[in-house]
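[1] prediction below, plus the sequence it came from.
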Amino acid sequence: LRAHRTSKLPLPPGPKGSPIVGNLLQLGPKPHQTLYNLSKAHGPLIHLRFGFVDMIVVNSAATAAKILRNDANVCSRPTSTSVKHIAYNHQDLIFAHYGARWRMLRKICALQLFSPKAMEDLAPVRADEVGRFVRELAAAEEEKFVNLSDGISACAADALSRVVVGRRVFGDGEESRGFKEMVVEMMNLSTAFNINDFVPGLGWLDLQGLVGKMKKLHRKFDEFLDRVIEDHQVRLTDTGKTTASASGGRGRHNDLLSVLIEAKEDANSDGMVLTDADIKPLLQNMFAAGTDTSSNTIEFVIAELLRHPDLLARAQQELDNVVGRRRLVAETDLPNLPFFQAVIKETFRHHPAAPLSLPRIISQDFEIDGYLIPKGATLLVNIWAIGRDPMAWPDETLAFRPDRFLPGGRHEGIDVKGNDFELIPFGGGRRICAGMNLGMRMVQFMAATLVHSFDWKLPEGQLPEKLDMDLSFGLTLHRTTPLMVRPVPRLDPKAYL
Ligand code: HEM
């Protein structure tokens, strides 16, 4: 809540709000766009008031760099009703308070779960799932249009669940859709601007009816995770494996849950130990943060290429040159595909999966450009607006032009890994996405495989440039209408066997 202010510096500019709710009702259904429009009027750094809470929103690359390059004062996440009811009251990693426990969890992510070695060990699992999806598409009846959006999201969920718990957990069709709905609902409930969080005293009223939904969803997700963990244990017992052998011992990774169970014995330098109570929230984070973000990005890559047939042809040509037409793409091909990598970067710029990143809380007063960033305020980094920042992207700002990232282009060498603040789809600073290595691999590999393996026909009368790119807002952005396309195999038939 608003702290008593001692600093004489002014707050950043922003729109006037209503007496009690402040600017809360001005956000509309697409807050990232509203905030972007407000920044055109008020400047890149804006201040709003949601009820009794100060909000600071960063809308430009230069301001994001100033705040995130040294983000020691902006490292914790705010408390909210959804964190309490959905995110195990900060016991997960995404919403963990900044401190020794968070550091321990991040260390496990960096050194064990998402290390380059773990990524390599689990590459065959991803290849297997993506191959299965490609064969399914290749076998689709001629003339039949498929819902590619559903297909991508099921494949991403299957690949992720095999990486995380060693097996597919969603079954076909209904069950997989049910899981996706659960993840999407979780994202939506986590990011809904809930009036209870901003106007104290209203909590018991639950005006938007969100608390009931949160509790119900949490129970469902929690039961799902119990089943997954129990099943994992049964499989270990059945196969007579110890945890160490299931995780591949210290050397190899068979699935991430085994790695976590094994890591329980290790105390880190702060004396922190991973316990059973940490494992379920971590699994929830991986399922929730990893599936929808990756599959939405893959869908946008395909949709953008369909809208730009010249770019699609160039991407396929590059893939043919590097991979040929007699086999499917392998993850080891990815570094040899500079044009395709540029397409991915341009997709992240236009369609960042988490448009407002995840909120941070300001722990100390500090100053940016003569303005006070007050302790206790919530910081939102508008990644979506930063991708459209005309200072950072002066050439054809709104055009889809991957060439800008290629040699000779103005943005040659720019990467998404948090060092170049004009392109931060995974966030930046200390709380940058913990699963970035896995997310990048899934997006690049699946999208490249789909583009290489098929030509894509749109329904009759559907003009590529008119493809609906409208979005709905949650924590992640979704295309509102599913992508209906007819896959036409373009490789040597043996490649699909
Ligand atoms: C295209 C894929 C992905 C995108 C675009 C993405 C994006 C993000 C963003 C923007 C943040 C907030 C960073 C910040 O506060 O500065 C984040 C945090 C996080 N992401 Fe991802 N993510 C992706 C995939 C994944 C995957 C595959 C996993 C794990 C399986 C994952 C796990 C996490 C976790 C645990 C955090 C919280 C880190 C912390 O608070 O310390 N993400 N992600």
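    Great, that's in hand.

[2] separation between the residue nearest the centre of the chain and D150?
    The centroid of the chain falls nearest to T293 when counting by C-alpha atoms, centre = their mean (3.5 Å). From T293 across to D150, the span is 17 Å (C-beta to C-beta, to the nearest Å). Quick note: C-beta positions are derived from backbone N, CA and C, even for glycine.

[3] residues in the protein within reach of the ligand, list them.
    93-94, 106, 285-286, 289-290, 293-294, 297, 353-354, 357-358, 425-429, 431-435, 438-439, 443 (C-beta under 6 Å from any ligand atom).

[4] which of those fall in helices?
    Members of the residues of the chain next to the ligand lying in helices (criterion: DSSP state H): R106, N285, M286, A289, G290, T293, S294, T297, L438, G439, V443.

[5] please identify which pair of the residues you listed lies farthest apart.
    R106 and T297 (22.8 Å; C-beta to C-beta).

[6] so for the two, which sits in the more crowded spot?
    T297 (27 against 16; other C-beta atoms under 10 Å).

[7] so who does the more buried one touch?
    Applying C-beta atoms under 8 Å, 6 or more residues apart in numbering, one finds that T297 lies in contact with I344, T347, F348, H351, A353, P425, G439, V443, A447.

[8] one more time with 10 Å, if that's ok
    152, 156, 344, 347-348, 351-353, 425, 439-440, 442-444, 446-447, 476-477 (C-beta atoms under 10 Å, 6 or more residues apart in numbering).

[9] please report the distance of it from F454.
    Using C-beta to C-beta, T297 is found at 18 Å from F454.

[10] do the same with S153
    To F454, S153 is 18 Å away according to C-beta to C-beta.

[11] quick one: which of these two has more around it?
    S153 (26 against 22).

[12] name the SS class of the more buried one, please.
    Assigned with DSSP: H, G, I helix; E, B strand; the rest coil, S153 falls in the helix class.

[13] quick check: chain neighbours aside, which residue is closest to it?
    S295 (4.1 Å; C-beta to C-beta, 6 or more residues apart in numbering).

[14] that neighbour is in contact with A353, isn't it?
    Yes. Using C-beta atoms under 10 Å, S295 is in contact with A353, at 9.1 Å.

[15] of those two, which one has the most company?
    Between S295 and A353, counting by other C-beta under 10 Å, S295 is the more crowded of the two (29 against 25).

[16] where exactly do the strands run in the protein?
    Listed in chain order, the strands of the chain (DSSP state E) span 45-50, 53-58, 146-147, 360-361, 366-368, 371-373, 378-381, 454-457, 471-473, 477-479, 484-489.

[17] run the angle between the second one and strand 45-50 for me.
    Read it as strand 53-58. In terms of direction (axes from the mean of the first three to the mean of the last three C-alpha atoms, to 10 degrees), strand 53-58 departs from strand 45-50 by 150 degrees.

[18] could you shift the numbering so residue one becomes 499, and keep it that way?
    Okay, residue one is now 499; in that scheme the one you just asked about reads as strand 551-556.

[19] check what pLDDT S505 gets.
    Note for S505: predicted pLDDT of 78.

[20] could you find the closest non-adjacent residue to the residue of the stretch 749-898 of the chain at minimum distance from the ligand?
    Ranking the residues of the stretch 749-898 of the chain by distance to the ligand (C-beta to the nearest ligand atom) places G788 first, at 3.1 Å. In space, and not counting its chain neighbours, G788 is closest to L658: 5.0 Å by C-beta to C-beta, 6+ apart.
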